[in-house]
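**Student:** A predicted structure for the sequence below; I have some questions about it.
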Amino acid sequence: LDNHPFQTNKRGHLEIGGMDSMELANKYGTPLYVYDVSMIRENCRAFVNTFKELDIKAEVAYASKAFSSIAMLQVVKQEGLSLDVVSEGELYTALQADFPVEKIHMHGNNKSLSELEMAISHDIGCIVIDNFLEIEMIENLLKKYNKTIDVLMRVTPGIESKTHKYIMTGNEDSKFGFNLQNGQAQEAFHLLHNHKSIRFKGLHCHIGSQIFETGSFVMATKVLFEHIAIWNEQDGFVPEVLNLGGGFGIRYTGEDSPLSLHTFVEELVQSVQYHASDLNIPLPEIWVEPGRAIVGNAGITLYTIGAVKNIPEIRNYISVDGGMTDNLRPALYGATYEAVLANKADYKPVNTTSVAGKACESGDMLIWDLPIPEVDNGDILAVFSTGAYGYSMANHYNRIPKAAVVFVENGNDTLVVRRETYKDVVKNDLSYSEEKIEM
Ligand code: LLP
């Protein structure tokens with residue numbers, strides 16, 4: 001367990017947040033998402049403190065798409081971060097968690113009128129404008145409510161970050177934001193600059209997710225500033241805020257080697273400082289939106305192992321009681337994970353086996369060729385680093401109910417999302433009776 005934050009206890013079981021993972025599996029059942037809350041807090045503080053140490057005015061917004069639940073947002077609120085939401089559902093969750101509205105930022109490439117209305121009527125802190133239709137809708141809503149609101153303009157800098165194509169967002173051919181290269185951003189800038197009710201604070205860009213090098217961020221900053229320079233000269237524009245998005249990579253397996261947060265942030269800050277001073281404008285506030293880096297490593301998923309299948313000379317398989325319904329990432333991106341047997345955490349691997357999910361889909365494989373000790377039916381498998389985009393992308397394929405979420409902190413466990421029941425699964429189903437067919 002050298003590379004993992006969680007250790008083995010005296011019984012040889014995997015321990016998380018001061019709790020025996022086997023006790024959690026027995027108490028709550030599996031599959032089970034378990035979060036070490038003190039680690040979430042440490043990650044939140046690391047971001048905030050890094051900017052503080054560098055003496056930079058910053059805002060750190062947790063990207064709640066990575067994992068949103070009322071309890072999670074309460075922790076984020078306690079840690080004093082801001083919050084990034086991308087839908088009415090995420091905003092609703094934030095309001096339910098009593099998250100301070102002025103610290104909520106709203107994203108989305110196709111915000112609906114009702115989403116924007118909810119955001120404006122609740123006076124959220126900032127809307128990140130993505131397209132021309134949105135500018136029009138916001139103008140109308142501000143008139144209707146006789147309000148003003150802070151906004152950023154999301155731009156696509158035309159940078160290809162080094163990550164999976166599905167989570168690359170800063171390239172020119174992207175559904176997100178106004179393109180800088182073809183004059184669309186320029187046009188939007190003119191609509192927003194010096195607007196009466198839309199308070200235009202600055203620019204936003206997000207180049208992608210699970211990124212390990214600062215090069216693409218530095219490039220994006222350079223491109224942003226080329227345009228800021230033009231708008232500064234033409235219209236005297238001075239951005240108050242530069243939001244560089246999220247995307248800070250984490251370790252899933254030995255293949256991943258994230259930079260230290262300090263180095264990462266320092267290099268971003270330096271590039272913004274360089275360009276601002278080159279342009280002779282005050283340093284804008286730097287905003288970031290980490291999701292995965294806050295929750296990814298803080299969460300594990302516990303599964304019970306069922307069927308074991310060995311195909312001599314080809315491969316061994318073990319099947320678990322979850323899979324792509326609680327963790328879509330391997331099926332969707334070919335994402336890789338590490339895992340151990342929670343009840344044999346100090347056993348040496350003697351074999352490799354591939355971990356299959358239970359959904360009716362060949363692609364439902366969680367891990368290929370995992371080194372593992374002798375496996376028995378009923379053993380508990382703990383998959384590491386499932387805290388981000390696991391629960392949040394869970395689905396009901398094969399009518400499998402969503403798993404429960406437990407928070408552990410200082411040796412205490414708290415259920416924060418109940419396991420769904422079969423009743424929950426059919427709760428919106430209506431019947432279609434024979435009488436209706438006859439009518
Ligand atoms: N800000 C914006 C505008 C974003 O689009 C995203 C992620 C983030 C922040 C947070 O990125 P993070 O720090 O978590 O990398 N489902 C995929 C990731 C999709 C990310 C979409 N946007 C996955 O499981 O890898």
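**Tutor:** Perfect, thanks for sending it.
**Student:** does any bit of stretch 193-205 sit next to the ligand?
**Tutor:** No. If you take Cβ under 6 Å from any ligand atom as the test, stretch 193-205 misses the ligand, and the best it gets is 7.3 Å. Using the backbone N, CA and C atoms, a C-beta is placed for each residue, glycine as well.
**Student:** how long is that stretch from one end to the other?
**Tutor:** 18 Å (Cα to Cα, to the nearest Å).
**Student:** Can you report how many residues lie near the residue of the stretch 1-150 of the chain found nearest the ligand?
**Tutor:** Per Cβ to the nearest ligand atom, the residue of the stretch 1-150 of the chain with the smallest distance to the ligand is residue 63, at 3.5 Å. Residue 63 has 28 neighbours, counted by other Cβ atoms under 10 Å.
**Student:** With residue 278 instead?
**Tutor:** 10.
**Student:** Next one: residue 437, what pLDDT does it get?
**Tutor:** With respect to pLDDT, residue 437 scores 62.
**Student:** and residue 396, how many neighbours does it have?
**Tutor:** Counted with other Cβ under 10 Å, the neighbours of residue 396 add up to 12.
**Student:** looking at it, it is touching residue 325, isn't it?
**Tutor:** Yes. In this structure residue 396 lies within contact range of residue 325 using Cβ atoms under 8 Å: 7.0 Å.
**Student:** just to revisit the earlier point, how about the residue of the stretch 1-150 of the chain closest to the ligand: what's its closest non-neighbour residue?
**Tutor:** In this structure, residue 63 finds its nearest non-sequential neighbour in residue 291, 3.2 Å apart by Cβ to Cβ, 6 or more residues apart in numbering.
**Student:** which ones are touching the one you found?
**Tutor:** Neighbour list for residue 291: 62, 63, 64, 65, 66, 67, 84, 209, 246, 388, 389 [criterion: Cβ atoms under 8 Å, 6 or more residues apart in numbering].
**Student:** Would you mind measuring from it to the ligand?
**Tutor:** As judged by Cβ to the nearest ligand atom, to the nearest Å, residue 291 and the ligand stand 3 Å apart.
**Student:** same question, residue 424
**Tutor:** 24 Å.
**Student:** Find residues that contact each of residue 396 and residue 325.
**Tutor:** Residues touching both residue 396 and residue 325 comprise residue 402, with contact defined as Cβ under 8 Å, 6+ apart.
**Student:** List the buried residues of stretch 98-108.
**Tutor:** Within stretch 98-108, the residues that count as buried by 16 or more other Cβ atoms under 10 Å are 99, 103, 104, 105, 106, 107, 108.
**Student:** Tell me how far stretch 276-293 lies from the chain's centre.
**Tutor:** Centre-to-centre, stretch 276-293 and its host chain are 21 Å apart (Cα atoms, centre = their mean, to the nearest Å).
**Student:** List the buried residues in that stretch.
**Tutor:** Buried residues in stretch 276-293 (16+ other Cβ under 10 Å): 276, 281, 284, 285, 286, 287, 288, 289, 290, 291, 292, 293.
**Student:** now swap in stretch 106-122 and tell me
**Tutor:** In stretch 106-122, counting by 16+ other Cβ under 10 Å, buried: 106, 107, 108, 111, 115, 116, 117, 118, 119, 120.
**Student:** Output these as TSV; include the columns distance to the ligand.
**Tutor:** Shown next, in TSV, are these (distance: Cβ to the nearest ligand atom, whole Å):
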residue	distance to the ligand
106	11
107	5
108	9
111	13
115	15
116	17
117	21
118	19
119	15
120	20
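**Student:** so which pair among these is furthest apart in space?
**Tutor:** Across the buried residues of stretch 106-122, the longest distance by Cβ to Cβ is 16.2 Å; it joins 107 and 117.
**Student:** ok, now which ones touch the closest residue to residue 422 other than its chain neighbours?
**Tutor:** In space, and not counting its chain neighbours, residue 422 is closest to residue 401: 6.4 Å by Cβ to Cβ, 6+ apart. The contact partners of residue 401, taken as Cβ under 8 Å, 6+ apart, are 419, 420, 421, 422, 424, 425.
**Student:** Can you give me the distance of residue 401 to residue 35?
**Tutor:** Noted for residue 401: a distance of 19 Å to residue 35, by Cβ to Cβ, to the nearest Å.
**Student:** Verify the contact between residue 176 and residue 156 for me.
**Tutor:** Yes. The criterion here is Cβ under 8 Å, and residue 176 meets it with residue 156 at 6.1 Å.
**Student:** These two - which one has more neighbours?
**Tutor:** Ranked by neighbour count (other Cβ under 10 Å), residue 176 and residue 156 place residue 156 first, with 27 against 21.
**Student:** what stretches of the protein score poorly on pLDDT?
**Tutor:** 161-170, 436-439 (pLDDT under 70).
**Student:** got the residues of it near the ligand?
**Tutor:** 63, 66, 84, 107, 167, 169, 206, 209-210, 245-248, 289-293, 329, 388-389.
**Student:** ok, 5 Å please
**Tutor:** Taking Cβ under 5 Å from any ligand atom as the contact definition, the chain meets the ligand at 63, 66, 167, 206, 209, 245-247, 289-292, 329, 389.
**Student:** Now go through the residues you listed and say which are in helices.
**Tutor:** Using DSSP state H, the subset of the residues of the chain next to the ligand located in helices is 292, 329.
**Student:** Same list, the residues of the chain next to the ligand, but as CSV with distance to residue 432 please.
**Tutor:** Compiled in CSV, the residues of the chain next to the ligand are given as follows (distance: Cβ to Cβ, whole Å):
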residue, distance to residue 432
63, 40
66, 38
167, 40
206, 44
209, 42
245, 46
246, 44
247, 46
289, 44
290, 46
291, 40
292, 42
329, 36
389, 35
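**Student:** Not counting its neighbours along the chain, what's nearest residue 386?
**Tutor:** residue 301 (4.4 Å).
**Student:** where's that neighbour, which helix or strand?
**Tutor:** strand 299-311 (DSSP states H and E).
**Student:** so after that strand, what's the next helix or strand?
**Tutor:** strand 315-320.
**Student:** Output that following strand as CSV, restricted to C-alpha atoms.
**Tutor:** Presented in CSV, the C-alpha positions along strand 315-320 are these (Å, rounded to 0.1, in the frame of the first residue of the first chain):
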residue,chain,number,x,y,z
ARG,A,315,-7.0,-14.8,-18.2
ASN,A,316,-8.6,-14.9,-14.7
TYR,A,317,-11.7,-13.0,-14.0
ILE,A,318,-13.4,-12.0,-10.7
SER,A,319,-16.8,-10.4,-10.8
VAL,A,320,-17.9,-7.8,-8.3
